[in-house]
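# coords below, sequence missing:
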Ligand SMILES: [Zn+2]
């Protein structure tokens, strides 16, 4: 199952996008001690290419983060390193090392995005970076040219800086349609991720994720694992060829 987080920090107990470090650690520990195997992102790509036979039966998990907040570096990454769980971090390439804050946040230190040097350090130590576009736009509302720029230029920029191929894309606001998917494919990405309660179309460009939020308690977390497993079994069960 692919889990979708945004932020991990001790500051915002009422922010839906922020999970406390203690809670995050408990959730990761719970998965590991409950028999869930961490799935390296590279293995997910291999499975997608060869037809996801292995993914159908096993209990596996992959942790992803959206938006690329600096608190991923400060709080989430040390926990994941301790447990040897490789995540994917989806960054807005145009906001890296910038002073821009998303409108819901106001603190220039706590709420800032990752810097290139933080990203390089994480990347060198096994964190996989994916693109969340350049500037967090709703891609279906843009002209094809603007959408192409968000999708392709973000990949180019990340690849230049990281010196490695960027394979994963995550649609800002989970907003996508056929045009957006074909732009993502044309740009060279191998997979796309969504977060949705509904069953997405079976495709490597709409891999379903289960969102975990600040208010998600232990019982809700268990329920999400159950729902996510069910949806994922259906999704990969319907998979024929890609
Ligand atoms: Zn986002």
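Thanks, I have it. Everything numeric here is computed off the predicted structure, so don't read it as measured data.
# for the residue lying closest to residue 28 once chain neighbours are set aside, what are its contacts?
Of all residues not flanking residue 28 in the chain, residue 83 sits nearest, at 5.5 Å (CB to CB, 6 or more residues apart in numbering). C-beta coordinates here come from the backbone N, C-alpha and C atoms, glycine included. With contacts defined as CB atoms under 8 Å, 6 or more residues apart in numbering, residue 83 is in contact with 28-29, 32, 38.
# and the two most separated of the residues you listed?
29 and 38 (12.1 Å; CB to CB).
# Where do the strands of this structure begin and end?
Ranges of strands within the chain are 2-5, 7-8, 18-19, 37-38, 60-67, 88-91, 128-131, 168-170, 191-195, 207-211, based on DSSP state E.
# Out of those, which gets nearest to the ion?
Taking CB to the ion, strand 60-67 is the member of those nearest to the ion, at 4.1 Å.
# roughly how far is the helix or strand following that closest one from the heart of the chain?
The helix or strand immediately downstream of strand 60-67 is helix 71, counting by DSSP states H and E. How far helix 71 lies from its chain's middle: 15 Å, per CA atoms, centre = their mean, to the nearest Å.
# pLDDT on helix 71, on average?
Here helix 71 scores 98 as its mean pLDDT.
# same thing with stretch 6-24?
Stretch 6-24 comes out with an average pLDDT of 97.
# Between the two ends of it, what distance do you get?
11 Å (CA to CA, to the nearest Å).
# out of the contacts of residue 83, which one sits closest to residue 216?
Nearest to residue 216, judged by CB to CB, of the contacts of residue 83 is residue 28 at 13.5 Å.
# pretty sure the closest one is touching residue 85, no?
Yes - in this structure, residue 28 is within contact of residue 85 by CB atoms under 8 Å, at 6.2 Å.
# count of neighbours near residue 158?
Close neighbours of residue 158, defined as other CB atoms under 10 Å, add up to 22.
# Surely it and residue 166 touch.
Yes - shown here, residue 158 and residue 166 form a contact pair, counting by CB under 8 Å, at 4.7 Å.
# which residues are common contacts for those two?
By CB under 8 Å, 6+ apart, the residues touching both residue 158 and residue 166 are 129, 131.
# just to revisit the earlier point, shared neighbours, residue 28 and residue 85?
Contacts common to residue 28 and residue 85, judged by CB under 8 Å, 6+ apart, are residue 63.
# The ion contacts on the protein?
66-67, 172 (CB under 5 Å from the ion).
# Mind listing residues that contact stretch 182-192?
Residues from elsewhere that reach stretch 182-192, judged by CB under 8 Å, 6+ apart: 44-45, 48-49, 131, 139, 144, 147-148, 151-152, 155, 166-171, 176, 181, 203-207.
# so what does the helix ranked longest in the chain touch, helix or strand wise?
Longest helix of the chain, by residue count under DSSP state H: helix 218-237. If contacts are counted by 3 or more CB pairs under 8 Å, 6 or more residues apart in numbering; DSSP states H and E, helix 218-237 sits against helix 21-33, helix 53-57, strand 207-211.
# hang on, the earlier thing: for the strands of the chain, give me JSON lines that also has mean neighbour count.
Converted to JSON lines, the strands of the chain look like this (neighbours: other CB atoms under 10 Å):
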{"stretch": "strand 2-5", "mean neighbour count": "23"}
{"stretch": "strand 7-8", "mean neighbour count": "26"}
{"stretch": "strand 18-19", "mean neighbour count": "26"}
{"stretch": "strand 37-38", "mean neighbour count": "16"}
{"stretch": "strand 60-67", "mean neighbour count": "23"}
{"stretch": "strand 88-91", "mean neighbour count": "26"}
{"stretch": "strand 128-131", "mean neighbour count": "26"}
{"stretch": "strand 168-170", "mean neighbour count": "27"}
{"stretch": "strand 191-195", "mean neighbour count": "22"}
{"stretch": "strand 207-211", "mean neighbour count": "22"}
